[in-house]
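Participant: Any chance you could fold what I've pasted below:
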Amino acid sequence: MTIAASGMAAAITSLTASASNVANANSSGPAPGFTPVNAQSPASVYQPAVVTLTSMAGGGVSATITRSSPSPILSYDPTAPFANGQGMVAVPNVDYATEAVNQLSARMAFQANVKVFQAANRNLDTLLNILV
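Facilitator: Below you'll find the predicted structure:
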């Protein structure tokens, strides 16, 4: 049951990271190497989250969130107050198709681990009924 619970926690972490990437995909910031004169501009652009799954000793999985590097790509937006001389701003390197696959994978992983958890729970209940 603890292995399935760790799988569910890892799936939740993956889904949360992907949702954060999608929510911040349209944010922008100053291009690397450019210091804007407007003090109200963002200091840097959002860095997409990447989840790394690691096997744990004794079974289970652990999820670690890191930030992708290099994350920003340049986009043309001359109306932004922090655009450089060529009208370029930095935007997060987020691919919607990849994020959709990540979200579907996290959902399926969560569902599979719930089924394993339920099966283990049924087996435990059966064992306890036999012993009583």
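Participant: ok now the helix or strand of the chain at the bottom of the mean pLDDT ranking, how far from the chain's centre?
Facilitator: Least confident element among the helices and strands of the chain, by mean pLDDT, DSSP states H and E: strand 29-30 (a mean of 87). On the basis of C-alpha atoms, centre = their mean, to the nearest Å, strand 29-30 sits 22 Å off its chain's mean C-alpha point.
Participant: contacting residues around the helix or strand following it?
Facilitator: The first helix or strand that comes after strand 29-30 along the chain, using DSSP states H and E, is strand 49-55. Contacts of strand 49-55 with the rest of the structure, by C-beta atoms under 8 Å, 6 or more residues apart in numbering, involve 10, 13-14, 17-18, 20-21, 61-68, 102. (C-beta placed from N, C-alpha, C; glycine too.)
Participant: what inclination does the following helix or strand past strand 49-55 have with respect to strand 49-55?
Facilitator: Downstream of strand 49-55, the first helix or strand assigned by DSSP H and E is strand 61-67. Counting by axes from the mean of the first three to the mean of the last three C-alpha atoms, to 10 degrees, strand 61-67 lies at 150 degrees to strand 49-55.
Participant: Report the buried residues of the helix or strand harbouring residue 101.
Facilitator: Per DSSP H and E: residue 101 is located in helix 96-131. For helix 96-131, the neighbour count (16 or more other C-beta atoms under 10 Å) marks 99, 102-103, 106, 109-110, 113, 116-117 as buried.
Participant: counting contacts, what elements does the strand or helix carrying residue 73 pack onto?
Facilitator: Assigned by DSSP H and E, residue 73 falls within strand 72-76. Packing partners of strand 72-76 (3 or more C-beta pairs under 8 Å, 6 or more residues apart in numbering; DSSP states H and E): strand 88-92.
Participant: Tell me which residues are up against the strand it packs on.
Facilitator: Residues outside strand 88-92 that contact it (C-beta under 8 Å, 6+ apart) are 21, 24-32, 44-48, 71-77, 80, 82-83.
Participant: For it, the averaged confidence score.
Facilitator: For strand 88-92, mean pLDDT rounds to 92.
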